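**Q** fold the following, please.
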Amino acid sequence: MKRIHKYKSDFGLADYRNFYKDNYGDIDDLKYSKMVRQYFKAVRDLIVEKGYTYTIPHLRFKITIRKIKIKPKIVDGVLINNKPINWKATKELWEKDEDAKEKKLLVRYNNYETSGYIFRIYLKKFGANVKNQSYYKFRANRVFQRSLAKRIRDPNKDMYDAYLLYETN
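**A** Numbering: from 1, shown residues only. Just a heads-up that it's a prediction; the model follows:
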């Protein structure tokens, strides 16, 4: 017996193009994909450069930049360090020191340029009028993440600021 799904979970560019075609008229595939790319590039630039919050229509989810401050802590005698791993420096360390590679020592970012804050692209789901919110997920693509990192490290611009979501001890 075939399972009946209540919610379709994967919509792509072809689905949206077909919707556009049915409601607004025919459009060339290349022209439509170029139009969508330009729109989302503008949205990305507003979020990263200006710190705006983008509200996804109909879902009322919000995409924004959040910052948190992660500090190492000791729990039950074990050091817990959740700072991001600097994989480039870690691999360089492992090439130089075989003992560090065997022990799997990791080099972590200190984030001195951001005063110890870590910035994330965040999907704010609470406040939306949607069923099964916990199943929705947003993962920013590589270009989005790299543009945020580039903006944070740019010395010619003001220090990046975002809403502090929560403080960790």
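**Q** so who does the residue nearest the centre of the chain touch?
**A** Centroid check for the chain by C-alpha atoms, centre = their mean gives residue 121 as the closest residue, at 3.5 Å. Residues in contact with residue 121 (C-beta atoms under 8 Å, 6 or more residues apart in numbering) are 47, 63-65, 138, 140, 144-145, 148. Where C-beta positions appear, they are placed from N, C-alpha and C, glycine not excepted.
**Q** next up, phi/psi of it, please.
**A** Note on residue 121: backbone dihedrals following degrees, to the nearest 10 are phi -90, psi 120.
**Q** tell me how far it lies from residue 142.
**A** 11 Å (C-beta to C-beta, to the nearest Å).
**Q** next: residue 53.
**A** 22 Å.
**Q** out of the two, which sits in the busier spot?
**A** residue 53 (14 against 7; other C-beta atoms under 10 Å).
**Q** roughly how far does the more buried one sit from residue 37?
**A** For residue 53, the distance to residue 37 - C-beta to C-beta - is 21 Å.
**Q** doesn't residue 35 fall inside a strand?
**A** No. Counting by DSSP: H, G, I helix; E, B strand; the rest coil, residue 35 falls outside a strand, being helix.
**Q** which residues of the protein fall in helices?
**A** 13-24, 29-45, 87-96, 98-103, 142-153 (DSSP state H).
**Q** now list the buried members of the contacts of residue 121.
**A** 47, 63-65, 140, 144, 148 (16 or more other C-beta atoms under 10 Å).
**Q** coming back round to it: redo the contacts of residue 121 as TSV? Include distance to residue 31.
**A** Formatted as TSV, these follow (distance: C-beta to C-beta, whole Å):
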residue	distance to residue 31
47	25
63	26
64	30
65	31
138	27
140	26
144	23
145	28
148	29
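**Q** what residue ranges in the chain score low on pLDDT?
**A** By pLDDT under 70, the low-scoring segments of the chain are 1, 3-10, 160-169.
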